[in-house]
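Asks: heads up, no residue letters with this:
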């Protein structure tokens with residue numbers, strides 16, 4: 001169907017004159033390009049774009065034209081899609097040669113450009129950007145020329161809207177035409193990410209500062225009882241440095257012998273979920289002195305229910321214990337003062353009570369010459385015993401209390417108390 005058809009009939013009408021002129025010039029030996037773009041007609045009348053290459057040769061005095069065509073429809077569609085994609089990228093994209101000269105750039109956001117677009121083309125980064133940023137980008141390009149790619153370089157620029165941060169990603173172009181190698185440079189605006197990271201880091205630093213300088217001690221131990229974390233406050237109390245404790249000491253290494261036994265008894269239950277509240281322990285400092293503490297601790301488990309670590313808070317009880325001892329001493333002095341005050345009230349009554357048995361003794365002395373001397377002696381002895389009991393009870397009441405753990409006869413205590421009360 002096509003053989004014998006004039007070639008121009010296959011060309012879109014709008015281009016027929018152009019093609020006819022081109023072929024004539026080629027046939028006349030005029031300097032014309034070897035390739036050109038043309039729009040051809042399909043059988044259904046629709047047009048498509050093609051890349052044409054025309055060769056002309058002469059045989060037996062006749063000149064022949066041999067054009068070859070390549071359909072550009074798919075290529076144009078791909079290029080259009082690529083163009084749309086590149087225009088939609090939020091990044092800055094540069095194409096530079098091995099001399100670091102900018103050949104092309106693209107961006108959908110001119111607000112992140114340090115200089116006007118026309119200032120970039122044909123220039124190097126050192127010509128346009130501040131020294132530090134230019135040096136970072138140039139070093140990354142040179143690395144890409146050697147290794148084929150680069151990831152992770154970061155630089156900052158002071159733009160009208162404030163300090164902005166950019167992350168570099170580069171790749172060496174493949175299959176390029178020309179004597180000089182070229183590199184594709186992507187610069188992604190990471191200002192929001194960087195600011196978020198900075199805020200997070202500051203928050204973590206503040207949390208770490210609060211943790212280390214809290215008025216109480218904090219520490220964590222693993223399932224073997226070895227310290228995995230401890231704050232500065234507790235280290236100061238104990239007199240150790242961090243490298244002497246973390247990963248080295250077990251928490252039981254800081255307990256007294258009694259504390260070690262108690263720890264062995266409760267640690268198994270603790271790892272199963274038991275919490276500790278206001279649990280008294282005595283820690284041994286590095287210099288051997290003792291530190292009384294109250295421990296509050298919660299076990300931490302992973303998603304499988306396995307014990308991972310402890311989260312413990314320790315309170316130094318040295319001052320509280322001192323204040324408690326002073327309070328008890330003050331209470332004891334108060335009780336003693338009240339007893340001494342009571343003695344003044346008791347003195348008159350006690351003197352009267354002592355005087356009664358003394359009169360009895362005196363009367364029985366007068367009867368010693370009587371015939372019932374043994375009975376008189378016994379009565380004298382009873383009266384003297386009553387005096388001794390009253391004086392002893394009074395002395396016991398008046399003296400300061402002292403704590404002594406021993407077995408006692410409660411019945412005797414009650415009898416002595418009754419005797420004392422009967423003679424008040």
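Replies: Ah, there it is. Since we're looking at a predicted model, the values are computed, not measured. Residues are numbered from 1 along each chain as shown.
Asks: which stretches of the stretch 251-400 of the chain form strands?
Replies: For the stretch 251-400 of the chain, applying DSSP state E, counting those that start in this stretch gives strands covering 276-284, 290-301, 307-316.
Asks: quick one: residues in contact with the shortest one.
Replies: Taking Cβ atoms under 8 Å, 6 or more residues apart in numbering as the criterion, the residues outside strand 276-284 that touch it are 237-238, 254-256, 258-259, 262, 266, 270, 290-297, 314, 317. The C-beta positions use only the backbone N, C-alpha and C, and glycine is treated the same way.
Asks: any stretches of the stretch 51-200 of the chain with poor pLDDT?
Replies: 77-90, 175-178 (pLDDT under 70).
Asks: how about the helices in it?
Replies: 73-88, 125-128, 131-147, 191-212 (DSSP state H, counting those that start in this stretch).
Asks: any chance of the ones you listed in JSON lines, with mean neighbour count and distance to residue 228 too?
Replies: Below are the helices of the stretch 51-200 of the chain laid out as JSON lines (neighbours: other Cβ atoms under 10 Å; distance: least, Cβ to Cβ, whole Å):
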{"stretch": "helix 73-88", "mean neighbour count": "10", "distance to residue 228": "48"}
{"stretch": "helix 125-128", "mean neighbour count": "17", "distance to residue 228": "47"}
{"stretch": "helix 131-147", "mean neighbour count": "16", "distance to residue 228": "38"}
{"stretch": "helix 191-212", "mean neighbour count": "12", "distance to residue 228": "14"}
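Asks: closest to residue 107 out of those?
Replies: Nearest to residue 107 among these is helix 73-88; the distance by Cβ to Cβ comes to 8.8 Å.
Asks: of the contacts of strand 276-284, select the buried ones using a ChimeraX command.
Replies: Restricted to buried positions by 16 or more other Cβ atoms under 10 Å, the ChimeraX selection for the contacts of strand 276-284 reads:
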select :237,238,254,255,259,270,291,292,293,294,295,297,314,317
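Asks: centre-most residue in this structure?
Replies: In the chain, the C-alpha nearest the mean C-alpha coordinate belongs to residue 204, at 5.3 Å (Cα atoms, centre = their mean).
Asks: what's the spacing between that residue and residue 21?
Replies: 74 Å (Cβ to Cβ, to the nearest Å).
Asks: now swap in residue 146 and tell me
Replies: Remark: distance between residue 146 and residue 21 (Cβ to Cβ) = 50 Å.
Asks: spell out the residue ranges of the helices in the stretch 301-424 of the chain.
Replies: Using DSSP H, counting those that start in this stretch, the helices of the stretch 301-424 of the chain run over 318-366, 373-398, 410-422.
Asks: quick revisit: could the helices of the stretch 51-200 of the chain go into a markdown table alongside distance to residue 232?
Replies: Converted to a markdown table, these look like this (distance: least, Cβ to Cβ, whole Å):
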| stretch | distance to residue 232 |
| --- | --- |
| helix 73-88 | 52 |
| helix 125-128 | 46 |
| helix 131-147 | 37 |
| helix 191-212 | 4 |
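Asks: out of those helices, flag the one nearest residue 102.
Replies: Across the helices of the stretch 51-200 of the chain, closest to residue 102 is helix 125-128 (Cβ to Cβ), at 7.3 Å.
Asks: quick one: pLDDT of residue 10?
Replies: What the model reports as pLDDT for residue 10 is 86.
Asks: counting neighbours, what do you get for it?
Replies: 17 (other Cβ atoms under 10 Å).
Asks: contacting residues around it?
Replies: With Cβ under 8 Å, 6+ apart, residue 10 has these contacts: 2, 40, 41.
Asks: closest to residue 302 out of those residues?
Replies: Nearest member of the contacts of residue 10 to residue 302, counting by Cβ to Cβ, is residue 40, at 69.4 Å.
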